[in-house]
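J.: 3D model of this:
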Amino acid sequence: MYFKVVLGLFVLVSFIFAIETQRLNHTIQTTPNRDKLEAISAYFLGATYGYSPLGEGGGVDKDPKFRLDKFDCTTFVETMTALSLSPNITKAKQRLDYIRYDGKVGFKHRRHLPALMWKAQLVDVGVYVDITKDIKDHETITKKPNPKLLPKDMKYLAKDLKKSYSIDYIPLHKIAKNIEYIPSGVVVNVVREDRADKFLVITHQMLLFKAHGKIYFRHASSYPKRQVVDEPLNSFVSRVSRYKWRVVGINILKINLDK
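T.: Alright, predicted model coming up:
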């Protein structure tokens with residue numbers, strides 16, 4: 001009897017998984033648009049959070065190049081962007097490589113640094129468009145990175161950190177006021193205050209949606225549930241406003257649907 005129950009549950013779960021996989025594949029095959037991004041990323045709500053779950057499948061970082069079972073904040077945004085811009089999984093894998101690397105797949109070619117490499121380079125190649133300055137209440141923060149704060153496996157980047165860089169952002173307390181000017185289906189970079197003891201100013205990445213009568217961030221979160229979650233705008237602002245390392249606001253990137 002126990003065996004039959006277990007077998008029945010297994011068959012049911014397998015059937016549901018097959019149906020959901022079929023639906024996901026069907027959604028991926030649709031034309032890129034904001035609704036597609038929301039629909040695809042919804043499949044992964046509840047997926048496990050894991051720090052740096054993607055790598056090159058060998059060499060310095062042996063994690064797989066592509067996976068759909070575990071994400072951190074950046075790989076979630078990268079993977080959802082790739083899926084939303086692709087007609088199938090095969091093309092999504094290729095596009096993910098294009099997003100994560102500067103022309104060649106390899107640890108030293110990965111866009112490691114969120115502001116100085118990831119954002120700047122992906123705007124340059126046209127994957128994203130920075131629309132933060134299009135919003136009236138934007139401000140700018142300038143950062144001079146300290147190469148001494150680089151992780152050991154990224155010391156080779158020190159030669160590229162001689163100049164300061166700037167990030168535009170909407171102040172945290174003005175996001176709600178300006179939300180009508182922020183489109184749905186954008187990438188949001190969380191910007192922190194510049195501190196001499198911190199290497200970064202962008203520390204988290206999310207998707208923002210205005211759907212189903214709600215405004216929320218969808219992101220792979222390490223706190224409190226360590227999974228992909230939807231977090232209401234007001235809840236996010238209230239939570240991060242209590243951080244000791246102050247969150248000053250958000251930088252906004254629109255996905256180039258023609259890329």
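J.: show the contacting residues for the residue nearest in space to the middle of the chain.
T.: Nearest to the mean C-alpha position of the chain, by Cα atoms, centre = their mean, lies Val77 at 2.5 Å. Contacts for Val77 were tallied using Cβ atoms under 8 Å, 6 or more residues apart in numbering; they are Val187, Gln205, Met206, Leu207, His219. Where you see a C-beta, it was placed from the backbone N, CA and C, and this is true even at glycine.
J.: which strand residues bridge the last one?
T.: Taking DSSP bridges, one obtains Val229 as the residues bridged to His219.
J.: my read is that it contacts Val229, right?
T.: Yes. Between His219 and Val229 there is a contact at 6.8 Å, judged by Cβ atoms under 8 Å.
J.: re the thing from before, could you redo the contacts of Val77 as CSV and give each row pLDDT?
T.: Shown next, in CSV, are these (pLDDT from 0 to 100):
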residue, pLDDT
Val187, 98
Gln205, 98
Met206, 98
Leu207, 98
His219, 98
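J.: return the subset of these lying in strands.
T.: Among the contacts of Val77, DSSP state E puts Val187, Gln205, Met206, Leu207, His219 in strands.
J.: between those, which is nearest Gly58?
T.: Looking at those and their distance to Gly58, the nearest is Gln205, at 25.8 Å (Cβ to Cβ).
J.: contact partners for the closest one?
T.: So Gln205 contacts Cys73, Thr74, Phe76, Val77, Pro114, Val187, Val188, Asn189, Val190, His219 (Cβ under 8 Å, 6+ apart).
J.: tally of neighbours for the last one?
T.: It stands for His219. Neighbour count for His219, taken as other Cβ atoms under 10 Å: 25.
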